[in-house]
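Q: The following comprises the amino acid sequence and a computationally predicted model.
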Amino acid sequence: MTSLSPSLSLPVGAPASLALFEAETAVVRRAAERVCRAAGGGLDDPETTAAAREGWEELPVRLRAAVRAFRRNSGECGVMLVTGLPVDELLPPTPTADGSVRREATVPAATLLMTAAGGLGDPAAYAPEKSGALVQDVVPVPGKEDFEGNAGSTLLSFHVENAFHVHRPDFVMLLCLRADHDGAAGLRTGSIRQALPVLSERTREALFRPEFSTQPPPSFGTAAGTTPPRPVLTGDPEDPDLRVDFSATTAVTPGARRALVELEAAVDAASHTVRLTPGDLAIVDNRVTTHGRTAFRPRYDGGDRWLLRTFAVADLRRSRDHRPGDGHVLSH
């Protein structure tokens, strides 16, 4: 990876954070337990999503205010960390099956749905990925150690979630149920808001041109097809949206290739690493911030790292042509 010149400096702002008090954690747990009783505990049932939207209004005022403020302006880093959320006291062994998801409501899963449906907009999922489940497991899978994706345990490159998709998520939520044995796995994030100031004018202009193609991840199969060239940056030149996956985005011109190398170096230099512990929730603004993960060593003994993941969109309506029956799952 190309390094930035030592003379270049980057903004030093850290991710936003909110630590819940013990009494607030108890309030969240009670609301989540009520959500779990909806639709017989079926996590993907519309009745459960509706209950989650109502349950959000019962959550502590500090939590609701912080998440709604983050939705409006996610700051320089585009990341928010909430600590002290309730997790299951007796966790089962960490799943090891590829494509593992949550179908039955639990307190942590209901907490994610409340945050997605009430605070950030609406939960969303993609039918070809993780069987369209609204709450998904992020766990290491035996035999996939070197896989460039959530099932791997090698270094995971910076990427905007589903960068290839015309309706990528606006927010990615990652809730830690269990940390890895060695405490080595770190969530890495890098924001275009912090990288932009050090990019050359030539690179900025190149990144706004439709000269980059991003391929879908293997989890989407061949149905997603090949994406046409698009810009990596769009919108306001002073505060652009970002669409890139450094392991899957290719440049189609020499100038675009140079720009992509410079962008990756700037994002890496601006990055932050957080090691999540049980009850920690990271919310990533997928419109402006990439995320990845440091390498770690799984043991496959039932005690490996286990995160729950849910996507949220601020405007569900814009993807209506991809959602049969006006549900929360995009068909393609």
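A: Sure thing, it's come through. Numbers count the residues shown, from 1 in each chain.
Q: contacts, neighbours, all on C-alpha from now
A: Fine.
Q: which stretches of the stretch 51-200 of the chain form strands?
A: Ranges of strands within the stretch 51-200 of the chain are 79-83, 101-102, 122-126, 135-138, 156-159, 171-178, 187-191, based on DSSP state E, counting those that start in this stretch.
Q: Make TSV out of the ones you listed and add mean neighbour count, mean pLDDT and distance to residue 237.
A: Shown next, in TSV, are the strands of the stretch 51-200 of the chain (neighbours: other Cα atoms under 10 Å; pLDDT from 0 to 100; distance: least, Cα to Cα, whole Å):
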stretch	mean neighbour count	mean pLDDT	distance to residue 237
strand 79-83	22	98	21
strand 101-102	18	96	38
strand 122-126	25	96	28
strand 135-138	26	97	34
strand 156-159	21	97	20
strand 171-178	25	98	21
strand 187-191	24	98	15
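Q: Looking at those, which is nearest to residue 93?
A: The closest of those to residue 93 is strand 171-178. By Cα to Cα, the value is 9.9 Å.
Q: And the contacts of that closest one?
A: By Cα atoms under 8 Å, 6 or more residues apart in numbering, the residues outside strand 171-178 that reach it are 87-88, 108, 112, 120, 161, 276-287, 303-313.
Q: Need the strands of the stretch 51-200 of the chain in TSV (columns: distance to residue 47).
A: Listed next are the strands of the stretch 51-200 of the chain as TSV, based on distance: least, Cα to Cα, whole Å:
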stretch	distance to residue 47
strand 79-83	26
strand 101-102	16
strand 122-126	13
strand 135-138	15
strand 156-159	33
strand 171-178	21
strand 187-191	32
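Q: Go through those and name the closest to residue 147.
A: Residue 147 lies closest to strand 156-159 among these, at 8.5 Å (Cα to Cα).
Q: Among the contacts of strand 171-178, which ones are in helices?
A: 108, 112 (DSSP state H).
Q: Sort out for me which of the contacts of strand 171-178 are in strands.
A: Counted as lying in strands by DSSP state E, out of the contacts of strand 171-178, are 281-285, 306-313.
Q: between those residues, which is nearest residue 95?
A: So of the ones in strands among the contacts of strand 171-178, ranked by how close each gets to residue 95 (Cα to Cα), first place is residue 306, at 8.0 Å.
Q: The closest one - how many residues pack around it?
A: Around residue 306 there are 24 other residues, counting by other Cα atoms under 10 Å.
Q: What distance do you get for it to residue 141?
A: 11 Å (Cα to Cα, to the nearest Å).
Q: Thank you kindly, that will do.
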